[in-house]
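1. Kindly return the folded structure for what I paste below:
(chains A and B)
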Amino acid sequence: MKEKINLKIDNLSVSVDAGTTILDAAKMINVRIPTLCHHEDLCVAGNCRVCVVEQSGADRLLPACATPVSEGMEIYTNSLKVRTARKQIIELLISEHRAECTTCYKNGNCELQALTTEYIVGENGYIPLVPLKGYTVDEFSPSIIKDDSKCIRCQRCVRTCDQIQSVGALTVAHKGGEMKVSTFFDKPIYEVVCTNCGQCVNRCPTGALTEKAYINEVWDAIYDPEKFVVVQTAPAVRIALGEALDMEPGEIVTGKMVAALRRIGFNSVLDTDFSADLTIIEEGNELLQRLKKALKDKDPNVKLPMTTSCSPGWVKFIEHTFPNFLEHVSTAKSPQQMFGALAKTFYANKIGVDPEKMVSVSVMLCTAKKFEANRPEMRASGYQDVDYVVTTRELALMVKQAGIDFGSLPDDDYDSIMGESSGAGVIFGATGGVMEAALRTVYEVVTGREVPFDGLNIMPVRGMENVREASIKIEDPLPEWDFLDGVEVKTCVAHGLSNAKKVMESVRDGKADYHFIEIMACPGGCLGGGGQPLPTSPEIRQKRAEAIYREDAGKKIRKSHENPEIIQLYDEFLIEPLGHKSHELLHTTYTTRERY
Amino acid sequence: MNKSLKRLDLIFKNEHDAETILSKSLSRTNEELIEDLISSGLKGRGGAGFPTGLKWKLTAEAKGENKYVICNADEGEPGTFKDREILSSVPHKVMTGMAICARIIGSLKGFIYLRGEYKFLVPKLNKAIDEFHALLDKLKLPFRIEIFLGCGAYICGEETALFESMEGHRGEPRNKPPYPTDAGYLGGPTVINNVETLAHTYSIFKYGPEKFRDLGVKDSRGSKVFSVSGDTPIPGIYELEFGMTLQKFVDDFGDGDAKAVQVGGAAGFCVPRKRFENTKIGYKGKLTGISLPTGGSMMIFNSSRSMYNVLHNYLDFFVEESCGQCTPCRVGTQQLLLGIEAVKRGDKPSGYLDELLSLAETMRITAKCGLGQSVANSFSSIVENFREEMIY
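-> Numbering: from 1, shown residues only, chains lettered A, B, ... in the order given. You can find the predicted model right below:
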């Protein structure tokens, strides 16, 4: 048992484990100390100084986030000294921040703004520093906008990019008054190693880092009578959208979301979960083909382990960081892009709409999907397959703009075809979900039997552990797959790019003998994506994960290959997995990129 | 140096008995050595004044596989140039101090973190290190010293920023605790001492703690090397006893027209003429009257100088040399600078100076490290004593 430390905070006694910070000790007795640079997912920085508190007898104030408690401490969180200093510090931050709240994208969702309402910074006497600095906004990326004039140098983004993602696209440059968050040679983020994951956007307390919004473009398309607008919704949107519309984390709002999208005016409301099932069929068969080449044909050129390809942040990461391993990445497109390629071909034909007039919109929890949709490879239909990508946050804003009372909406169903999905498609939204979905299908294809896990729940690949390994032994396979008899298929799941990097390093160094690796760029997988509602924390992500597995468990169909619409798609259009049409529409190539 | 007037000659006396001092010291127990240091009353000569003996004791007691001894030679305080001279003329004294410290705390590796601008010292210093290593080999002390060259950032003289810099990171101060004695360079318990402090340990181990205690006054024992500059006919480096009044100092060093002395560089205090008599130079303590600590920088200003320009110059320096990490220092320094400019121009009323004084106080109590905390020293002492010069 840990040593206990007794102290008083605002005259309230509290006893906590040694090593606890003053901030956490205060939380335990419901004393809220304001913070700005502090974030649950990140290491302590102690640089904004908003959380300073007074210790009885001490001359200087202490940063509550960075100071461990000590025995007999008497802490005051709201003394005159604290309040004066805190107010001045917030005023200083405002003086270096372009505080044009009414026109800011983060208006109403800004932590600095919230602090100003508490500390009445109305008559700020300090001299505005922003006009002196000559800032320009970096708007070149299709995913992320960086506006230094709103940056308060808390370095949450820098810590996120470094610690969670090990990307290091964002870093601190210069010192003193010139100090700023920058990139390699201050290039636009579009040109550097940035993966567009948007984790920095999720943690930026102000409007300095935001997603590039396409709300206006989508409205324009909807209002254009010439256009037929289809929308797809990613698996992890339905379990998080409610958070941005006054609901609790973990609420499943699939039906309300579909209803809202119809109200907004989309012509067809379809589901990315459908194409997630399709991804499983294509990617699962690709894995089996690679295994066959390696184990039966003894082809020395086949690349194993194969990694997933559905996370565009991960794809760009490997293109920058491990370009020699691009052949290990499954050629299967992500569900978004499979959907896009089919929307303007198969679906347009099916409903008799000229693809020229079709606008394909996707609602994603992801900022990197915006980049992905703009990749030159993603024009298999002859048009840009996905025209606009909006995040969960942007959709929530559209719902509000449309005046919809989201909570009172009746549930509605997706259109068909391309609206039906299995539970396997749903769990794509959680780390380990693609692996679980793939195993459900692949095992059954090879053996003719269901995966040997209770209720099809492959627990070893679930959870929030950084890197998880699981293996499944193939016994008594169907004759076609006899070379797999007795083979232990080894899999690995990692989420967050720093974990992905560790896994890839062990693959590179020959220390890992996996067959299949699932990697999601974001912590928790898509449910923790860079386009999800704010804030984010381990607790919130856990609740979203629980919702995803609840949704899966409630589905009548749990396996991708049993999705009737998928079966119909192959019958009518694709003919067979990895067939000619599939290669044309559903598979892609990758590009080596620079390391800076 | 020839022109330098040395009142005392402890530090610069060129004694060639490093081997004797070292072997004599190494024959004694760690406890005896630490006791000597503690009873000598030696405090850090970088300016902060932490008791040196206690620092070594804490590091000796700290648990850690690898411990380090670092000589802080990132002498960057405006108006300070004494460490350069110490390292040029008596490097063996500094290294002897480091080696004894290494034996006491159980360290195998020491560094001299040398200010980038002192690059010209490297060849000479490396030669001295080689000779010293030969001596260590002879005495069978497994300890090695290496030079680490800084890159010119003032903030890297702050001990934890210095560690960050050595580890290849951006020079930004760390949160404390943990203190260097527990977790310093590469996370190992580390003694980090100013050049002059280490040189003083040499004298203490040579002459005994009593001789050292006999110098100076209560709370401020021993001698101190001062860098004297500004309006003085005899600028230079001087070793003087602690405890003298500023009046005595300007009588000796001034040009007869001193209106203020900046004690301790840009991070120090400005003392106006009317306070010369009752201000002593020494660490803060229970002395009667005001005592001012200093890393050794003494700048004398005569009546021809504009104190507004002096302060503007210091603030310019801080705006540039703040690491930019914490809000009070990064933004506060800019606001103080722009603020006095605005008052001078008449864009802000003179009463705005009071708001700036309040801001400086907030910086003092909330900034992350000594840099941001000490901006208030020069700002408040100059604005309070020379308010009319700020306005007109």
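2. Find the closest residue to chain B in the stretch 201-350 of chain A.
-> residue A:205 (12.7 Å; CB to the nearest CB). C-beta coordinates here come from the backbone N, C-alpha and C atoms, glycine included.
3. Is that residue in contact with residue A:111, as I believe?
-> Yes: counting by CB atoms under 8 Å, residue A:205 touches residue A:111, with 3.6 Å between them.
4. Those two: which is more packed in?
-> Neighbour tally, residue A:205 and residue A:111, criterion other CB atoms under 10 Å in any protein chain shown: the higher count belongs to residue A:205, 29 against 19.
5. Contacts only, for that one.
-> Counting by CB atoms under 8 Å, 6 or more residues apart in numbering or on different chains, residue A:205 touches A:36, A:110-112, A:152, A:154, A:156.
6. now, the most widely separated pair of these?
-> Spanning the widest gap among these are A:110 and A:156, at 13.2 Å by CB to CB.
7. Buried residues of stretch B:352-361, list them for me.
-> Neighbour counts over stretch B:352-361 (16 or more other CB atoms under 10 Å in any protein chain shown) mark B:352-353, B:355-357, B:359-361 as buried.
8. from those residues, which are also near chain A?
-> Restricting these to those within reach of chain A (CB under 8 Å from any CB of the partner chain) leaves B:352, B:355, B:359.
9. quick revisit: sort out which of the buried residues of stretch B:352-361 are in helices and list them.
-> With DSSP state H as the criterion, helices contain B:352-353, B:355-357, B:359-361 from among the buried residues of stretch B:352-361.
10. Which secondary structure state does whichever residue of the stretch 51-200 of chain B sits closest to chain A sit in?
-> For the stretch 51-200 of chain B and chain A, the shortest gap (CB to the nearest CB) falls at residue B:175, measuring 4.1 Å. What DSSP: H, G, I helix; E, B strand; the rest coil gives for residue B:175 is coil.
11. That one: what's it in contact with?
-> Residue B:175 sits next to A:44, A:46, A:63, A:66-67, B:368 when contact means CB under 8 Å, 6+ apart.
12. one more time with 6 Å
-> Residue B:175 makes contact with A:46, A:66 under the criterion CB atoms under 6 Å, 6 or more residues apart in numbering or on different chains.
13. Now it, what are its backbone angles?
-> Torsion angles at residue B:175 (phi, psi; degrees, to the nearest 10) stand at phi -70, psi 140.
14. what's the longest helix seen in chain B packed up against?
-> Ordering each helix of chain B by length in residues (DSSP H) puts helix B:327-345 first. With contacts taken as 3 or more CB pairs under 6 Å, 6 or more residues apart in numbering or on different chains; DSSP states H and E, helix B:327-345 sits against helix A:80-95, helix B:307-321, helix B:352-366, helix B:370-385.
15. How about residues contacting the first one?
-> Contacts made with helix A:80-95 from outside it, assessed by CB under 6 Å, 6+ apart, are listed as A:49-50, A:52-54, A:61, A:115, A:119, A:121, A:124, A:126, A:128-129, A:152, B:327, B:331, B:359, B:362, B:366.
16. coming back round to it: include secondary structure and distance to residue B:247 when you put the contacts of residue A:205 into TSV, please.
-> What follows is the contacts of residue A:205, written out as TSV (DSSP: H, G, I helix; E, B strand; the rest coil; distance: CB to CB, whole Å):
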residue	secondary structure	distance to residue B:247
A:36	coil	48
A:110	coil	56
A:111	helix	53
A:112	helix	50
A:152	coil	47
A:154	coil	48
A:156	helix	52
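17. Residues touching the longest helix of chain B, excluding its own?
-> Taking CB under 6 Å, 6+ apart as the rule, helix B:327-345 contacts A:48-49, A:89, A:92-93, A:96, A:126-127, A:129, A:177, B:315, B:318-319, B:322, B:324, B:348, B:352-353, B:356, B:359, B:363, B:366-367, B:372, B:375, B:379, B:390.
18. Domains in chain A, by residue range?
-> Domain segmentation of chain A under automatic domain parsing yields A:4-78, A:93-211, A:227-274+A:336-408, A:282-333+A:421-585.
19. Quick check: which of these is buried the most?
-> Greatest average neighbour count among the domains of chain A goes to domain A:227-274+A:336-408 (a mean of 22), per mean count of other CB atoms under 10 Å in any protein chain shown.
20. what about that one, start to end distance?
-> The first and last residues of domain A:227-274+A:336-408 sit 29 Å apart, counting by CA to CA, to the nearest Å.
21. ditto for stretch B:189-199
-> Between the start and the finish of stretch B:189-199 there is a gap of 21 Å, counting by CA to CA.
22. Ok, stretch A:304-320 next?
-> One end of stretch A:304-320 to the other measures 20 Å (CA to CA).
23. and the longest helix for chain A?
-> Longest helix in chain A by number of residues (criterion: DSSP H): helix A:272-295.
24. Which strands or helices does that one pack on?
-> With contacts taken as 3+ CB pairs under 6 Å, 6+ apart, helix A:272-295 sits against helix A:335-342, helix A:423-426, helix A:433-447.
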